[in-house]
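Asker: curious how this folds, go ahead:
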Amino acid sequence: MIKKFLFLLLLCPMFLFAQNKRPLNVKNNTPKVEQESGLKIDTIATIDKYKIITLKNDTTFVDTSLTIQKEYKFNYLRKDNFGLLPFANEGSTYNTLQYSLNNINPFPEFGFSGKHFNYMQVDDIKYYNVATPMTELYFKTVMEQGQMIDAFITLNTSERLNFAVGYRGLRSLGKYVNQLSSNGNFRFITSYNTKNERYFLKAHFTGQDLTNGENGGITNIEDFEGDDDNFNDRPRLDVYSLDASSILKGNRYFVDHFFRINSEKGANNLFVNHQFNYENKFYEYNQPTVTTFISDITSDRTISRFGNSYNRSNIKDKTRYNRMYNKVGATYENTTLGQFQFFIEDFRYNYFYNRVIINQGQPINYLLSDKFNIVGGQYTYQKNNWNGRFLFSNSISNQKMSNLDASVNYKFDEKNSVSFKYQNVSKVPDHIFNLFQSSYVDYNWSNNFSNEKINTIEVNANTQWASASLNISSLKDHLYFQDINTSYDTLTVKPNQYSGTINYLSLKVSKEFEFRKWALDNTVLYQKTDQDDDILNVPQFVTRNTLYYSDHIFKKALYFQTGFIFSYFTEYYANDYNPVLGEFFVQNQRKIGGFPTVDFFINAKVRNTRIYLKAEHFNSSFTGNDFYSAPNYPYRDFIVRFGLVWNFFS
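Answerer: A predicted model of the protein is given here:
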């Protein structure tokens, strides 16, 4: 009853606004925003007065239109997740179908990468400049007992000072046993510049905690794939853990600012730059009950999913981490030649455990602590239709690393552009590869792996006919996790470094065909690897095809889109997930894929409100129970979900 009331309550604005005869700006679907005082309109601010600015100063405007791209972004990550395969419950991890989505950072990372998909990084934070206070409310139903919200407000106290506060929260019980997601992402953002525009500042704080029940997947895939209707009630399926959980929590303090030395901006300018980033995190895996009882057609048995443990119960593995990054530079700018920047970076970290573990008579190291000093330069050119950047940095400390990153973009006109990027990185291993401690005996190691060497060429073309992206990568000394246990019920996952060379190629093409009010939007990805051993496994083809219809009704007061989304990827040995490590690992025992998913959606827009209604994976009941996100983790069943995005301008 409560759900029905909430559904009707959220639909009320649609019917109320539909009676308003004031026409929208249909041409660009971005209406003017009016600020009223009583009955008199004081000011009218157009949508281009509401700016969204990235850390690199790329600027876009608030977009309240309804497009098929907005449909793709209406998810927990708030971005197009093509190439990512979500797990069954909202707020859980994702399996990676498209390898080229991975960002390459030469600095060592914390690790636990499977827990970081919905962890907001520095580049995920946007800065704002708005004519009037703006609020955005995101709401979406989840799988069971909960909801997701993303509430955000930004305002300028003056033309030069902006504040923004946002919170993304989610709670979803999930359809399977021990699958609860309870996540929160808080951010406080500010930006400022002086009246003479000599000093500019961007700063933010984030506090994030991501908590998940970790059931380890289902124990008997025959029950899931069989014809017994009792197991359509998903809590009846046995899982490997009834009470395990994980939490990733972190706080970040970030400042980026620069000051122009010369008092008046001219053809030649000199700037002093500084960037500061301090972050602390921890990842904790808890498992009160170590053993699992499994009953199937072959036998009844009790197992320990991750092998022998030092504790008979109440496992609590906690990995702590903090880092501090400073970058100081000087930039010379010439309006004809471009910008020349020279900088020094200081990066230092502590990755540690508050305990000592003796394994086979030898103590396992409990601390990684080091610092990097890097010098580098960057050249940036932007004039007319050209935009280019060349960056090189190299470590001058004992721990070696380097990064060469060059990119060029040429814009022919508003509809056609092409870009080229080359990157050569010597990447320091993420900390989890070199050190890990656990109450599980086989999950303890202290290594000294070599740097990963990665060469990448990327070409992107966005044209009025189609969009295409080509990625060619060569990986040497690639680091990965692998299960070394031959028993299917027991996972013994260890880090390893591949001494050979892995060559990877991907080609992604997107094209939309339009006929009157109908459209067919297509995205096709082709991938190929060349390697002596099956280390980097990817599906050869991934596709998403959307057939939809768009129109106005109620005298153009309401705009809607409705259609079907077809998704598919070919079978392959997908990486499996290990909750103790919060990482995916290579396996060659079971393939997943080869199953289609079809979604039906109806989306509508009334003024600045976008309303979304979708029947997800509605073909699941008649195309077979062979859908998985990882070998033991089923994909999502059929579900109807509702949500909206509502912008307020005041």
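
Asker: number of nearby residues for W465?
Answerer: Using other CB atoms under 10 Å, W465 is surrounded by 9 other residues. Bear in mind the C-beta positions are built from the backbone N, C-alpha and C, glycine included.

Asker: how about L270?
Answerer: The local packing of L270 (other CB under 10 Å) involves 12 other residues.

Asker: D256 now?
Answerer: By other CB under 10 Å, 20 other residues sit near D256.

Asker: give the buried residues for whatever helix or strand it lives in.
Answerer: In this assignment (DSSP states H and E), D256 forms part of strand 245-260. Neighbour counts over strand 245-260 (16 or more other CB atoms under 10 Å) mark 245-250, 252, 254-258, 260 as buried.

Asker: need those residues in JSON lines with pLDDT, can you?
Answerer: JSON lines is the format used below for those (pLDDT from 0 to 100):
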{"residue": "S245", "pLDDT": "97"}
{"residue": "S246", "pLDDT": "97"}
{"residue": "I247", "pLDDT": "98"}
{"residue": "L248", "pLDDT": "97"}
{"residue": "K249", "pLDDT": "98"}
{"residue": "G250", "pLDDT": "97"}
{"residue": "R252", "pLDDT": "98"}
{"residue": "F254", "pLDDT": "98"}
{"residue": "V255", "pLDDT": "98"}
{"residue": "D256", "pLDDT": "98"}
{"residue": "H257", "pLDDT": "97"}
{"residue": "F258", "pLDDT": "97"}
{"residue": "R260", "pLDDT": "96"}
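
Asker: which residues touch the residue nearest to S172 when sequence neighbours are not counted?
Answerer: Leaving aside its sequence neighbours, S172 sits nearest to V142 (CB to CB, 6 or more residues apart in numbering; 3.6 Å). Contacts for V142 (CB atoms under 8 Å, 6 or more residues apart in numbering) come out as N89, E90, G91, M148, L170, R171, S172, S181, R641.

Asker: can you tell me the element the second one falls in?
Answerer: Using DSSP H and E, E90 falls within no helix or strand.

Asker: quick check: it touching Y76?
Answerer: Yes: counting by CB atoms under 8 Å, E90 does reach Y76; the two are 5.5 Å apart.

Asker: shared neighbours of those two, anything?
Answerer: By CB under 8 Å, 6+ apart, the residues touching both E90 and Y76 are M148, L170.

Asker: quick one: the helices in the stretch 201-350 of the chain?
Answerer: Ranges of helices in the stretch 201-350 of the chain, per DSSP state H, counting those that start in this stretch, are 221-225.

Asker: if you could redo that for the stretch 401-550 of the chain, that was the one I meant.
Answerer: For the stretch 401-550 of the chain, the helices defined by DSSP H, counting those that start in this stretch occupy 431-434.

Asker: for the residue nearest in space to the middle of the chain, list the residues it contacts.
Answerer: The chain has F117 as the residue nearest its centroid, 4.1 Å off, counting by CA atoms, centre = their mean. If you count contacts by CB under 8 Å, 6+ apart, F117 has them with L77, L84, T93, Y94.

Asker: burial count for the third one?
Answerer: Neighbour count for T93, taken as other CB under 10 Å: 28.

Asker: okay, the contacts of F117 in JSON lines with pLDDT and secondary structure next?
Answerer: Converted to JSON lines, the contacts of F117 look like this (pLDDT from 0 to 100; DSSP: H, G, I helix; E, B strand; the rest coil):
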{"residue": "L77", "pLDDT": "95", "secondary structure": "coil"}
{"residue": "L84", "pLDDT": "97", "secondary structure": "strand"}
{"residue": "T93", "pLDDT": "96", "secondary structure": "coil"}
{"residue": "Y94", "pLDDT": "97", "secondary structure": "strand"}
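
Asker: for those residues, which two are the farthest from each other?
Answerer: Using CB to CB, the contacts of F117 reach their maximum pairwise distance at L77 and T93, which is 11.5 Å.

Asker: now the buried residues of strand 245-260 in JSON lines, with distance to Q121?
Answerer: Listed next are the buried residues of strand 245-260 as JSON lines, based on distance: CB to CB, whole Å:
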{"residue": "S245", "distance to Q121": "24"}
{"residue": "S246", "distance to Q121": "19"}
{"residue": "I247", "distance to Q121": "18"}
{"residue": "L248", "distance to Q121": "13"}
{"residue": "K249", "distance to Q121": "15"}
{"residue": "G250", "distance to Q121": "10"}
{"residue": "R252", "distance to Q121": "9"}
{"residue": "F254", "distance to Q121": "10"}
{"residue": "V255", "distance to Q121": "16"}
{"residue": "D256", "distance to Q121": "14"}
{"residue": "H257", "distance to Q121": "19"}
{"residue": "F258", "distance to Q121": "21"}
{"residue": "R260", "distance to Q121": "28"}
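
Asker: just the closest of those to H204, please.
Answerer: H204 lies nearest to F254 out of the buried residues of strand 245-260, by CB to CB, at 5.2 Å.

Asker: run through the bridge partners of that closest one.
Answerer: Following DSSP bridges, F254 is listed with bridge partners H204, N277.

Asker: show me where the stretch 351-500 of the chain has its strands.
Answerer: Under the criterion DSSP state E, counting those that start in this stretch, the stretch 351-500 of the chain contains strands at 357-359, 362-364, 367-383, 386-395, 402-411, 417-427, 435-436, 445-446, 452-462, 467-483, 493-515.

Asker: which of the ones you listed sits most buried?
Answerer: With neighbours defined as mean count of other CB atoms under 10 Å, the strands of the stretch 351-500 of the chain peak in mean count at strand 435-436, which reaches a mean of 24.

Asker: and it, what does it pack onto?
Answerer: strand 445-446 (3 or more CB pairs under 8 Å, 6 or more residues apart in numbering; DSSP states H and E).

Asker: avg pLDDT for the strand it packs on?
Answerer: For strand 445-446, mean pLDDT is 94.

Asker: which strands and helices lie in contact with it?
Answerer: In this structure, strand 445-446 makes packing contacts with strand 435-436, judged by 3+ CB pairs under 8 Å, 6+ apart.
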